[in-house]
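[1] Give me coordinates for this.
(one chain, ligands or ions: 1)
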Amino acid sequence: MSKFEKRQQVISNGSHGLVIGSGIAGLLAARVLLNHFAFVTVVERDSLPEQPGARPGVPQTLHSHGLLKRGSNILEQLFPGLEAELVAAGAILVDLIADTLTLIQQDSFPRCPSDLIVPSCSRSLLEWSIRCRLPKSDRLQFLDATQVKKLLTDETNSRITGVQLLDRDDLQLGELTADLVVDASGRQSNMPKWLEELGYPTPAETKVNAFLGYTTRWYERPQQLDADWKMMLVMPQYLHESRSGVLIAMEGNRWVLSLYGFNQDYPPTDEVGFLEFARTLSNPALYQAVKDAKPVSPIYSFRNTENRLRHYEKLKLPEGLVVMGDAVFAFNPFYGQGMSAAAVGALELDRCIEQQLRSRTDLTGVSDRFQKQLAQSLQAPWLLATNRDRARLSAVDATMTGKKLGLIDHLSRQYGQEVEALLKSSPERYRSLMEVYHMVKTPTALFNLKFALNVAKQVLKRNIANYSHAIWAVRSLTPPL
Ligand SMILES: Cc1cc2nc3c(=O)[nH]c(=O)nc-3n(C[C@H](O)[C@H](O)[C@H](O)COP(=O)(O)OP(=O)(O)OC[C@H]3O[C@@H](n4cnc5c(N)ncnc54)[C@H](O)[C@@H]3O)c2cc1C
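    Predicted coordinates for the structure are as follows:
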C-alpha cells in the first residue's frame, strides 16, 4: 500500500484539512485546522530536516528573519511557551527599542525600555521549533518529499475535493481527499495555474517592485564584545539613499549581517565587495563592528523581493479552498512582515471556520469570507510596504529623468522627512510608530492632530523659506523698470 493509500484510509474516518507547504504559513494553518478537523495533513515538497536547517523550498531561510511583535504574540497564543523554548535553544530576547541601535547618517533613533520584546533567532530554528510543537499522531501527519500537482473537484466543478500528489522519492502519483485545502505554498504557489486548469479565472495581481537586493553572511559573535545593543540597523536616508544593513544577534553565538540595496544597487557577493558595501552605508558603525569578525558562512544573495498581492478576495473561488501566506501577500522582505502576516492569516482562518461551524455543518462560503477578511486585515502592512516602495520608485524616476516631482509627491516627501526628524527627538512618538509598524496598534494611533500639525508647520516653514528665497533671487536678477 502506498503512503497516500495508507493516509487515505486514516482520514476516511473523519473530517480532513489538507495544507500545501510546511513553511511558517503552512505550519500555523495546520495548528488552527486541528481545532476544527479530525485529521490534518501537511504536504511538503522538500524532505524535512531532523534538525533546524536550510532546505531548497525556502531559500530565504539563509537570510536574517525578524519577527514583528504581533507575529510573536500570535505564535505564543497558538503555542504557549514557545518563546521560552526558543530562548532555551539560544534565541536572544531583543527589546526592539531599547536594544536596537538604529542609525541614519550621524543620527540615532531614541532608545528606551518598551514592551516590544521579541525572540531573535534564525528562521530555520523558528520553523523547526514550531514544527516540533505540532502533535505527531494520526491526527496530524506530514507527507514530506511530496509535491501537490493539481486540485481535484466534484462533478459540478464547484468544490475542491482533494489533491493529486507526487511522491518525489519513487515518482508515484496518488490522491488524497480533503474537506478543506489550504494553499500555503509561498511565493512560488501554482494556484493561478491550477485554477486555470479547472476553468476558473486567475487572480489579478498588484505588484510594486523596488528592485531590492539582499545579501547575507553569518559571523561568530565576538566574545569580548562591549556593546549596549543586540541589533544594529543602518537605515537609508528617506528617499535619498539606496543602501542599508542590519546586524542581529542570533542563537549559537552568531551574528547575521544582511545588506540591502534598493533600485538595483545590489550588494556584491564577493568578500571584498560585500564588506566594501557595508563600509559605504550612511553610518560606519556597522562596518566597524563586523570588519574583523569571523565569517562562518558563505555570502548568500536574494533578489526576488517585489511586493505582490494576488487578489483572491475579488474572485469566486471553488468551495473548499483557501489561499494564505506569501501565496497571497508576498511583501518586500525589507519590512520584515511576512511571517507575522502569515500568523494574522492563521488567526483569521481559525475565526472564519469557527464562525461557520457555529451556524452550519459544512464549509460553504468559508473560502469567500476568509479571502475577504485576510485582504482587509493585511491592508495596513501592505500599504506601509508599497507606499514606501512607490515613493522610492517615483524619487528614482525623478532623479533619472530629471523630471520635477509633482506637488503631492514633493509635499509627501517633505512630510516624510519632517516625520523622521521629529521621531528622532521624540521617544513617545517613535514608540507609537514602532507599535503601528509591529502591528500591535492600528495606524490611527499615528493620526494625532497635534503631531500632524507640527509636521505640517515644519514643511510649510521650509517651503516659505524656499519660496521667499526664490522671490528674492528673481527680484535681484530682474533689472529695475
Ligand atoms: C530574503 C527574505 C527575507 C525575509 N525576511 C523576513 C523577516 O525578516 N521577517 C518576516 O516576517 N518575514 C521575512 N520574510 C518573509 C517570510 O520568509 C515569509 O513571508 C514567511 O515565511 C511565510 O512564507 P510562507 O509560509 O507563505 O511560504 P514559504 O516560506 O515560501 O513556504 C512555502 C512552502 O511550500 C512548499 N511548497 C511549494 N510548492 C509546493 C507544492 N506544490 N507541494 C508541496 N509543497 C510545496 C515549499 O517547499 C515551502 O516549504 C523574508 C523573505 C525573504 C525572501
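
[2] Tell me the residues on the stretch 301-450 of the chain that lie near the ligand, please.
    302, 325-327, 333, 336-340, 342 (C-beta under 6 Å from any ligand atom). For every residue, glycine as well, the C-beta is placed using N, CA and C.

[3] and if we set it to 5 Å?
    Counting by C-beta under 5 Å from any ligand atom, the stretch 301-450 of the chain comes close to the ligand at 302, 325-326, 333, 336, 338-339, 342.

[4] Buried subset of those as a ChimeraX selection?
    Only the buried entries of those go into this ChimeraX selection, using 16 or more other C-beta atoms under 10 Å:
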select :302,325,326,333,336,338,339,342
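
[5] Contacts only, for whichever residue of the stretch 351-481 of the chain sits closest to the ligand.
    The ligand sits closest to residue 381 of the stretch 351-481 of the chain, with a gap of 10.1 Å, by C-beta to the nearest ligand atom. With contact set as C-beta atoms under 8 Å, 6 or more residues apart in numbering, residue 381 has these partners: 329, 331, 335, 337, 340-341, 439.

[6] Need phi/psi at it.
    phi -60, psi -30 (degrees, to the nearest 10).

[7] And it, how far from residue 174?
    From residue 381 over to residue 174 the distance is 38 Å, taken as C-beta to C-beta, to the nearest Å.

[8] Ok, residue 183 next?
    From residue 183 to residue 174 the distance is 19 Å (C-beta to C-beta).

[9] ok, those two, which is more surrounded?
    More crowded of residue 183 and residue 174, by other C-beta atoms under 10 Å: residue 183, with 27 against 18.

[10] what's the closest non-adjacent residue to the more buried one?
    Leaving aside its sequence neighbours, residue 183 sits nearest to residue 323 (C-beta to C-beta, 6 or more residues apart in numbering; 4.4 Å).

[11] before we move on, what about residue 239?
    Nearest one to residue 239, counting by C-beta to C-beta, 6+ apart, is residue 395 at 4.3 Å.

[12] A helix includes that neighbour, no?
    Yes: under DSSP: H, G, I helix; E, B strand; the rest coil, residue 395 falls within a helix.

[13] how deep is it tucked in, by neighbour count?
    Other residues close to residue 395 by other C-beta under 10 Å number 18.

[14] can you check residue 36 too?
    For residue 36, using other C-beta under 10 Å, the count is 18.

[15] The nearest residue to it once chain neighbours are set aside: neighbour count?
    Leaving out its chain neighbours, the residue that sits closest to residue 36 by C-beta to C-beta, 6+ apart is residue 353, at 4.8 Å. Residue 353: 22 surrounding residues under other C-beta under 10 Å.

[16] residue ranges of the helices in the stretch 51-200 of the chain, please?
    Using DSSP state H, counting those that start in this stretch, the helices of the stretch 51-200 of the chain run over 69-78, 82-88, 123-133, 191-197.

[17] right, and these - which one's nearest residue 273?
    helix 123-133 (25.0 Å; C-beta to C-beta).

[18] contact partners of that closest one?
    With C-beta under 8 Å, 6+ apart, helix 123-133 has contacts from 22-24, 27-28, 31, 48-49, 51-54, 58, 60-61, 63, 65, 67, 75, 79, 82, 85-86, 89-91, 142, 251, 339.

[19] Now that helix: buried residues?
    For helix 123-133, by 16+ other C-beta under 10 Å, it's 123-131, 133.

[20] from the residues you listed, which is closest to the ligand?
    residue 123 (6.3 Å).

[21] From residue 434, how far off is that closest one?
    Taking C-beta to C-beta, one finds residue 123 at 22 Å from residue 434.

[22] about what we covered before: ramachandran coordinates for the residue nearest to residue 183?
    Torsion angles, degrees, to the nearest 10, at residue 323: phi -130, psi 130.

[23] for it, what are its contacts?
    Contacts of residue 323 (C-beta under 8 Å, 6+ apart): 182-183, 189, 191, 310, 312, 317, 371.

[24] And those, which two are furthest apart?
    182 and 310, at 14.9 Å, using C-beta to C-beta across those.

[25] returning to that earlier point: turn the contacts of residue 323 into TSV, including pLDDT.
    What follows is the contacts of residue 323, written out as TSV (pLDDT from 0 to 100):
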residue	pLDDT
182	98
183	98
189	98
191	98
310	98
312	98
317	96
371	98
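
[26] Residue 234 is in contact with residue 289, isn't it?
    No: applying C-beta atoms under 8 Å, one finds residue 234 not in contact with residue 289, separated by 10.3 Å.

[27] Residue 437 touches residue 384, doesn't it?
    Yes: counting by C-beta under 8 Å, residue 437 touches residue 384, with 7.1 Å between them.

[28] okay, residue 234 and residue 289: which has more neighbours?
    residue 234 (25 against 20).

[29] For the more buried one, give the beta-bridge partners.
    Going by DSSP bridges, residue 234 is paired in beta bridges with residue 103, residue 245.

[30] Now do the same contact list for it.
    Residue 234 neighbours (C-beta under 8 Å, 6+ apart): 103-104, 244-246, 281-283, 285-286.

[31] Report the buried members of these.
    By 16+ other C-beta under 10 Å, these give 103-104, 244-246, 281-283, 286 as buried.

[32] Need these in JSON lines (columns: pLDDT and distance to the ligand).
    Compiled in JSON lines, these are given as follows (pLDDT from 0 to 100; distance: C-beta to the nearest ligand atom, whole Å):
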{"residue": "103", "pLDDT": "95", "distance to the ligand": "19"}
{"residue": "104", "pLDDT": "91", "distance to the ligand": "20"}
{"residue": "244", "pLDDT": "96", "distance to the ligand": "13"}
{"residue": "245", "pLDDT": "97", "distance to the ligand": "13"}
{"residue": "246", "pLDDT": "97", "distance to the ligand": "9"}
{"residue": "281", "pLDDT": "96", "distance to the ligand": "18"}
{"residue": "282", "pLDDT": "93", "distance to the ligand": "21"}
{"residue": "283", "pLDDT": "95", "distance to the ligand": "21"}
{"residue": "286", "pLDDT": "97", "distance to the ligand": "17"}
